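Chemist: can you look at this prediction? I've put the sequence above it.
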Amino acid sequence: MWEGWSSRFQDPDSVCSDVFLCSNITKDFEEYEHLCDRSGSCEKEARICEISRNLPKIHSDATRHMGRVFIGHYLPGLENLIKGDFALGNHSAKPFTSPDKPFGVAPQPMTIAISPANHSLCSHVYGELYVYLSCNGFCPETSCILRRSVKFDSCHNIKENRVFTLSDNNYLTIALRKKGNYVSNLFPCNNGYCVTYDKICNLADDCGDGSDEVECINHFTCKTSGHMIPLSSVHNSHYDCEDFSDECSSAKPIIKSPVLSIVSWIIGISATFLNVIVFIKSLTKINEFECPFKLVNRCMILLISFGDLLVGIYLIVLSIVNVLLKDTYCRERFKWLTSGYCAAMGVVSSTGSQISLFAMVVLSLCRVITIRRFRPSTMGKKLSRLISIALTLLVLLPSFAIAYVPLLDMLEDFFVNGLYYDKSIRLFVGAPSKQEHIAILEEYYSKFRGDPNLPWSTVRRLVRNMFSQTYGGVNSVKLHFYGNDGVCLFKYFVTPEDPQAFYSLMILILNFICFVVITSSYILINLESISSRRALRLAKRKTNSSLHRKLTMIILTDFFCWVPFIVVSGLHYFMIVDASHWYATFSIFILPINSVINPVLYDSYLKTLFCTLRISSTRLLRLTSDQNTTSEITMNRNRPGMGRVKSSSTTFWRIAAENTATQQVQPSSLSGNKKWCDKEVSHL
């Protein structure tokens, strides 16, 4: 790379900034605002921009053979089939003449073979093709682009091979000498310059004032930069404009489905509320257990509620962000995906999911050991607490490590998905991946051959050397592991080309093993319970069916929480389905299933609380009914012809007080048993 000062003219009202160096050898440069405008100021600029921005190749020259122009529908590479005998169906052989009709210039022989059923042809052709089709009446949606005459005082930029000749309309015009013939293929710009037909409507401002593109209907103009892109590049899920205006013509929130948005609020608030209750209750009761298995059981329930609480908080934050960024997310998408807030949400969600899952594994194993009548009689209280602390750390530390490891700088080559640059650097749009960076570097550095395992640090250094560094150079932000989608979820859906594929697959396999352990444990518990009751001849159908329903619910919720993730991730990995757009559905509807149901399944306090509320509401309704009945009796007593009723308002309150006192339930009896709850309600 050359070093030193570069000389250039600068507008007095503008601020100097760094420039793009056309080569690592020469001192030619291009300012940021003119990058990728198809002007071709730099030798390699056009090709580099095609690679970096995935620009489609524009064919602006018509096919010629023996002095005749051929325009027709054919596959690329089969141009020779249309030369000679042109037999592609309906065709026109009308010679094309410039509107100026210059003297001495022969009309251009032309053959056009296009079915009349094809409409909007000019929306997808460029240059000469656009001129010939629009001026031959093949584009009903627009008129001929050649509406201005080429006068003798036009074309200040053309000095060589031009001749003056008389127009059919009796004014002096200009023709060009080309290979011994005279041609008239000039378009007059508004600024006095001229361009040839292949420069018209070719997505580039070749005139310098935009007059060669302003009336064309084959492009979309980016709002901020004014760059033109093909209509086929609009709303194709790929950003081509620096301001993302080609994809963000309307508001596109993070959660596109209104139903999912509502579900996110409901599940998030429910999971947070229920798990806060269980977490606080478990935390206050944890010192009451001296039995080691009961203490471990309570610690694991505490961790399950904590993990599910994190998932609930994640959903609430996601719902809030979705509302705040509803109108700006599409335009500021990569700012959000590369932000620390998105990374923090991903860590919270992944940590909560793993804590809940690992705690359920430990809890299920603990219950299996307990039901197998293992009794550590010599285990003291201190040792019990140490075991509980050790198991708690065994759940917490791996969970946090799994969530945070992808964000470590030392592992960026395995987890960084791309680099996001400032929008002023028009060479890059969005967050190009490492493969895209390598393709750009290979084009820029002639002798450079990239390795797919090239470190990101080397990629950043080589990109910086493509620009001057006088005013700070080029800076980029990492598109981290959780920035694969706006919901900032763990990247479960990977392909073999993703550098983090191995890590994601290993975590999925680990979670599947955990699911198998939980399922197997509760199946053993159910079988052991059935055999024990049969042996003691105490099997009660209702009690056994209640336990069976609870165990079945635990297994089913775990199944629907993790198995769909694992199956869809496998299908995506083998490219059977594309699940990259399913993150919102899985993060809102599938993953948080356990977060809402676990507080009811693993802790009886909520059952007790709900049952108490049920009894209280039933009593309230009964007392209200008694009050209405007493009021009716009192009114009837004062009516003529009615007998004297002994009851009064005092009697009503006395009866209500007696009813409440006789049916008072002691707090110690609130065991949460459904049978007890139904019995209490039926008594009312």
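Modeler: Looks like it arrived, so ask away. Numbers count the residues shown, from 1 in each chain.
Chemist: please make it C-alpha for all contacts and neighbour counts, starting now.
Modeler: OK.
Chemist: tell me the contacts of the residue nearest to Val131 when sequence neighbours are not counted?
Modeler: Taking Cα to Cα, 6 or more residues apart in numbering as the measure, Val131 lies nearest to Ile145, with 6.4 Å between them; neighbours along the chain are not counted. If you count contacts by Cα atoms under 8 Å, 6 or more residues apart in numbering, Ile145 has them with 131, 134-135, 215-216.
Chemist: write the PyMOL selection for whichever of those residues are buried.
Modeler: Applying 16 or more other Cα atoms under 10 Å to those leaves a buried subset, and the PyMOL line that selects it is:
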select buried, resi 131+134+135+216
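Chemist: for the contacts of Ile145, work out which two are farthest apart.
Modeler: The two members of the contacts of Ile145 with the most space between them (Cα to Cα) are Cys135 and Glu215, at 13.6 Å.
Chemist: what about Tyr602, how many residues close to it?
Modeler: With neighbours defined by other Cα atoms under 10 Å, the count for Tyr602 comes to 21.
Chemist: my read: it touches Ile301, true?
Modeler: Yes - under the criterion of Cα atoms under 8 Å, Tyr602 is in contact with Ile301, at a separation of 6.6 Å.
Chemist: which strand runs longest in this structure?
Modeler: strand 172-178 (DSSP state E).
Chemist: check which residues of the strand or helix carrying Val517 are buried.
Modeler: Per DSSP states H and E: Val517 is located in helix 501-536. In terms of neighbour count (16+ other Cα under 10 Å), helix 501-536 has its buried residues at 501, 503-505, 508, 511-512, 514-515, 517-523, 525-526, 529-530.
Chemist: quick check: mean pLDDT across that helix?
Modeler: Within the predicted structure, the mean pLDDT of helix 501-536 is 85.
Chemist: could you say what helices and strands it packs with?
Modeler: Contact here means 3 or more Cα pairs under 8 Å, 6 or more residues apart in numbering; DSSP states H and E; on that basis helix 501-536 packs against helix 340-371, helix 541-573.
Chemist: can you tell me which of those has the worst average pLDDT?
Modeler: Averaged per stretch, pLDDT over the helices and strands packed on helix 501-536 is lowest on helix 541-573, reaching a mean of 78.
Chemist: need the next SSE after that helix, C-terminal direction.
Modeler: Past helix 541-573, further along toward the C-terminus, the next helix or strand under DSSP H and E is helix 583-585.
Chemist: starting at the chain centroid, how far to that following helix?
Modeler: The gap between where helix 583-585 is centred and where its chain is centred comes out at 8 Å by Cα atoms, centre = their mean, to the nearest Å.
Chemist: mind listing what Val347 touches?
Modeler: By Cα under 8 Å, 6+ apart, Val347 lies in contact with 400, 403-404.
Chemist: please redo it, this time with the cut-off set to 6 Å
Modeler: Applying Cα atoms under 6 Å, 6 or more residues apart in numbering, we find Val347 in contact with Ala403.
Chemist: kindly report the same for His156.
Modeler: Contact criterion Cα under 6 Å, 6+ apart gives Tyr193 as the residues in contact with His156.
Chemist: any idea how far it lies from Leu146?
Modeler: Here the distance between His156 and Leu146 works out to 19 Å (Cα to Cα, to the nearest Å).
Chemist: repeat that for Leu133.
Modeler: Look at Leu133 and Leu146: by Cα to Cα, they are 12 Å apart.
Chemist: next one: Asp246
Modeler: Asp246 sits 28 Å away from Leu146 when distances are taken as Cα to Cα.
Chemist: comparing the two, which residue is more hemmed in?
Modeler: For Asp246 against Leu146, the residue with the higher neighbour count under other Cα under 10 Å is Asp246, and the figures read 23 against 20.
Chemist: any chance you could list what contacts stretch 172-185?
Modeler: Contacts made with stretch 172-185 from outside it, assessed by Cα under 6 Å, 6+ apart, are listed as 105, 150-152, 161-167, 196-197.
Chemist: same thing but at 7 Å, please
Modeler: For stretch 172-185, contacts defined as Cα atoms under 7 Å, 6 or more residues apart in numbering pick out 98, 102, 105, 150-152, 161-167, 196-197.
Chemist: buried among these? Make that a PyMOL selection.
Modeler: Those of these that count as buried under 16+ other Cα under 10 Å are selected in PyMOL with:
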select buried, resi 98+102+105+150+151+152+162+165+166+167+197
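Chemist: farthest pair within the contacts of stretch 172-185?
Modeler: Leu166 and Tyr197 (20.6 Å).
Chemist: each with direction, which strands does the longest strand of the chain pair with?
Modeler: Partner strands for strand 172-178, per DSSP bridges, with pairing direction: strand 162-166 (antiparallel), strand 181-183 (antiparallel).
Chemist: thank you kindly, that will do.
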